[in-house]
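[1] model the following, please.
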Amino acid sequence: MKNVRKIEVVFSPDEDAWMVWLKADERCHTDGRTIDEARVRIVDAAELWLSYEEDREVDESIRYELVETFDLGRHTDEVVAVQEDRKALAVIEERLAKHTRSAAKALTKLGVSRRDAAELLGISHQRVQQLVKG
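    Residues are numbered from 1 along each chain as shown. This is a model prediction of the structure:
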């Protein structure tokens with residue numbers, strides 16, 4: 001089993017690439033054309049950097065988990081707000097799906113047609129059919 005080690009990193013856009021560095025030590029940095037590429041590269045760089053700093057060989061049993069911050073200048077707060085809203089929306093969508101499934105089953109058990117249940121729930125009658133069967 002691998003030992004998990006969290007490292008804080010900062011991403012910042014730079015022309016056609018992303019610069020990324022360790023928050024604790026900006027001397028350890030790299031870049032990537034995409035965020036994913038930069039993630040892979042900073043893990044590799046951190047592994048080498050931290051083993052050097054700790055005067056040890058690279059330890060294959062350590063898995064680095066990134067704690068990410070994005071420095072997007074004046075747009076940082078806006079992007080963070082979107083991310084938080086999307087997380088909140090995912091919770092609402094999950095709750096909505098659960099309630100819709102339950103209501104579709106309950107309405108059809110009451111004898112309400114699938115078409116009328118669909119109208120009441122704001123979904124298609126085909127979706128009601130799927131929910132009732134599933």
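[2] going forward, measure contacts between C-alpha atoms and count neighbours the same way
    Noted.
[3] ok, the residue lying closest to L48 once chain neighbours are set aside - how many residues close by?
    In space, and not counting its chain neighbours, L48 is closest to V58: 6.5 Å by C-alpha to C-alpha, 6 or more residues apart in numbering. Residues near V58, counting by other C-alpha atoms under 10 Å, number 14.
[4] how close does V58 get to D44?
    To D44, V58 is 10 Å away according to C-alpha to C-alpha, to the nearest Å.
[5] any idea how far G122 is from P13?
    P13 sits 42 Å away from G122, going by C-alpha to C-alpha.
[6] more neighbours: these two, which one.
    The residue with more neighbours, out of P13 and G122, is P13; 18 against 10, by other C-alpha under 10 Å.
[7] which of the three states applies to that one?
    Using DSSP: H, G, I helix; E, B strand; the rest coil, the structure places P13 in strand.
[8] thinking it is in contact with M19, fair?
    Yes - the criterion here is C-alpha atoms under 8 Å, and P13 meets it with M19 at 6.1 Å.
[9] what about this structure, any weak spots by pLDDT?
    1 (pLDDT under 70).
[10] tell me the residue furthest from the middle of it?
    Taking C-alpha atoms, centre = their mean, the residue of the chain most remote from its mean C-alpha position is G111, at 41.5 Å.
[11] separation between that residue and T100?
    Distance from G111 to T100, by C-alpha to C-alpha: 17 Å.
[12] same thing with L107?
    To T100, L107 is 10 Å away according to C-alpha to C-alpha.
[13] can you list residues touching both of those two?
    Common neighbours of L107 and T100, using C-alpha atoms under 8 Å, 6 or more residues apart in numbering, do not exist here.
[14] domain parsing for this protein?
    3-71, 81-133 (automatic domain parsing).
[15] quick one: end-to-end length of the first one, please.
    In this case it means domain 3-71. Taking C-alpha to C-alpha, domain 3-71 runs 29 Å from one end to the other.
[16] in the helix or strand containing V20, which residues are buried?
    Using DSSP states H and E, V20 sits in strand 17-22. Under the neighbour-count criterion of 16 or more other C-alpha atoms under 10 Å, strand 17-22 has 18-22 buried.
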